[in-house]
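J.: This is the structure alone, sequence omitted:
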């Protein structure tokens, strides 16, 4: 008896110009296609925000030069329902890879899944938006048997979602999840309040992080805590908590009230130094008790309590000792007892985010081919 | 279109009295069967070293009271090839769970896989023995399409094997793997050479670890380093290094030469105090440079170099700061750059080892049902 895995079609939706993660993913996928003779992955659709590349007969798009070919395409992306119809009619099982961070694409997952398309994505929006969308997605997946994998929606390629699923699926009782979930926040606080030596002024550290490319174009998108809140929402729902939205629990914003109305990121950065004393006080208060301040998220499962914000840690605590822009996530469970299961490492970046997507794709392929 | 996963047969081979991991696994499996309506897992064979329970018509063995029913069985386990023939003739896909640490069972994997049986196991022997057996196992799996999963062969339920496979399969270049791979060694050195305070004499710590159940019945089975060498062999092979055997690279034994000929573990423990000065010197030498000594394994992929033994670490190093009997494994890769991907937590114990087995079982079920 020999295994003869069937062809699997892959469709890739990307953001403007395919995007950083999108380019890394296509490159990893090309490497994969070159190394693995079976199952045969066939790229049948690829799009950016403004262009699309596909053939009406589903013939394969060449991996080599796909980004350039897409840029040169004269076709615009069809409306999402039309893309889904096109893919659902493909003559083999199809995986839809969503490399955008678009709410519109996320909203189409239930339809795609109900039409038998499996989904692989780093897009947080589908899993951290309304609880109804979350329920619709998994109900559609369960009904059709199509898979939905989203490892890179938390901690990029780090094994966070898969580990949590294994714990839950095998019957362990997760009691608490705690960690640093944002590479930006990690970098900022490791610099601002290092365990050894002195950090700079808060606004100076924010400017440095932006200059190094560690923040969003507008740093307020990191400092408002919503990115961390979205990740916590996903993990809490995986444990079984019916979190309604990423704003339905306490999230501490590091944007001073007085600067909430700034009309641009530049104006915000210009005015931020006047508020450095606020963060400095927080830092000094922690230092007085021999601790350091960090921006963390935590889920207390028994108490059904999720929160995001500043907390103090002993200098020897793994969260305090984090380096660079690393993430760290601790799972406290009944089986693991007093010492948590900890996963740590880079939680952002094109290559590692794409790696989570590619690994998910392989797992889906193994199940549907 | 609705998914209707087929029935999957499960056969479980255990050690004497089923064993600690075996009991935890059967309990987790029972919970799983109770929670999941589909796919339907049907237990068709269970054995310990001396008893077996199965029906010639493959009718399901009840999950409740299975350990007691097995103890009461009057059937002895058939020879392994006969068990494999029985399972290969089952009227559905079958997963063989090997909860022993037996070389004989491991040697039968190629036959089982070639007959279409998937294998899930914490047994290190199959993957850390001769390189030929390793090759035969994966060749048989590749030819028949039957799966072989062994997460718990390294670090129990910690996501070590799955993470390394994801890194390799998606095309990352692993450059180095380093860590504490033995719960026993972790406990011994965290007590003997703590980062804060003073540890006891080496022989006293070994006796303490044995009294707490952290060592094998004969502590020499931990102190000879072979258990760690086996785990390193598995990881190195997964990265692509053709390691011939767990004794084909340098492994430092902590059994003093003069005590290698002791006829029993008790005699060894009785004579060990006379050699405390050897370990004390190692500890003091590390302390003089502000470090602590730990028992680690490392794989330098580029240099094709694997080694196991004592090494010194800064007190702030994650390996030095480990707690209790935790394992820690750091993956250095091209994509992750300077800061490694780290997994940490309990790497031994019935429940967490069984969890790795149960999670593997679910992954195989998802692929074959």
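T.: Great, that's in hand. This structure is a prediction, so every number in the text was calculated from the model and none was measured. Residues are numbered from 1 along each chain as shown, chains lettered A, B, ... in the order given.

J.: Residue A:50 reaches residue A:15, doesn't it?
T.: No: here residue A:50 lies out of contact with residue A:15, judged by C-beta atoms under 8 Å, at a distance of 10.1 Å. C-betas here are computed from N, CA, C, even on glycine.

J.: Tell me, how many residues neighbour residue A:275?
T.: 17 (other C-beta atoms under 10 Å in any protein chain shown).

J.: doesn't it fall inside a helix?
T.: Yes: checked against DSSP: H, G, I helix; E, B strand; the rest coil, residue A:275 lies within a helix.

J.: Point me to the helix or strand that includes residue A:348.
T.: Here residue A:348, judged by DSSP states H and E, is contained in no helix and no strand.

J.: picking that back up, and residue A:50 and residue A:15? which has more neighbours close in?
T.: residue A:15 (19 against 12).

J.: residues touching the more buried one, list them.
T.: Residue A:15 makes contacts with A:22, A:48, A:49, A:99, A:100, A:101, A:102, as judged by C-beta atoms under 8 Å, 6 or more residues apart in numbering or on different chains.

J.: so the first one makes contact with residue A:121?
T.: No: counting by C-beta under 8 Å, residue A:22 does not reach residue A:121; the two are 11.3 Å apart.

J.: any shared contact partners between those two?
T.: residue A:99.

J.: In chain A, where is pLDDT below threshold?
T.: Of all residues in chain A, those with pLDDT under 70 make up the ranges A:1-5, A:36-39.

J.: need the strands for it, in chain order.
T.: A:8-13, A:41-47, A:52-54, A:94-98, A:118-120, A:148-149, A:174-180, A:291-300, A:305-314, A:326-333, A:341-346 (DSSP state E).

J.: Would you mind giving the ones you listed as CSV with mean neighbour count added?
T.: Output for these, formatted as CSV (neighbours: other C-beta atoms under 10 Å in any protein chain shown):
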stretch, mean neighbour count
strand A:8-13, 24
strand A:41-47, 23
strand A:52-54, 20
strand A:94-98, 26
strand A:118-120, 27
strand A:148-149, 24
strand A:174-180, 23
strand A:291-300, 22
strand A:305-314, 18
strand A:326-333, 24
strand A:341-346, 26
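
J.: can you redo those strands as TSV with distance to chain B?
T.: Formatted as TSV, the strands of chain A follow (distance: least, C-beta to the nearest C-beta, whole Å):
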stretch	distance to chain B
strand A:8-13	14
strand A:41-47	13
strand A:52-54	23
strand A:94-98	13
strand A:118-120	12
strand A:148-149	11
strand A:174-180	12
strand A:291-300	14
strand A:305-314	11
strand A:326-333	5
strand A:341-346	4
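
J.: Figure out which of those strands is closest to residue A:74.
T.: Proximity to residue A:74 (C-beta to C-beta) singles out strand A:52-54 among those, at 9.8 Å.

J.: Show me what that closest one is packed up against.
T.: If contacts are counted by 3 or more C-beta pairs under 8 Å, 6 or more residues apart in numbering or on different chains; DSSP states H and E, strand A:52-54 sits against strand A:41-47, helix A:66-72.

J.: Ok, which of those comes nearest residue B:176?
T.: strand A:41-47 (30.3 Å).

J.: could you give the angle of that closest one to strand A:94-98?
T.: Calculated by axes from the mean of the first three to the mean of the last three C-alpha atoms, to 10 degrees, strand A:41-47 forms an angle of 40 degrees with strand A:94-98.

J.: Now tell me what touches strand A:41-47 from outside.
T.: A:7-14, A:18, A:26, A:29, A:32-33, A:52-55, A:58-61, A:63, A:66, A:70, A:77, A:83, A:86-87, A:90, A:92, A:94, A:365.
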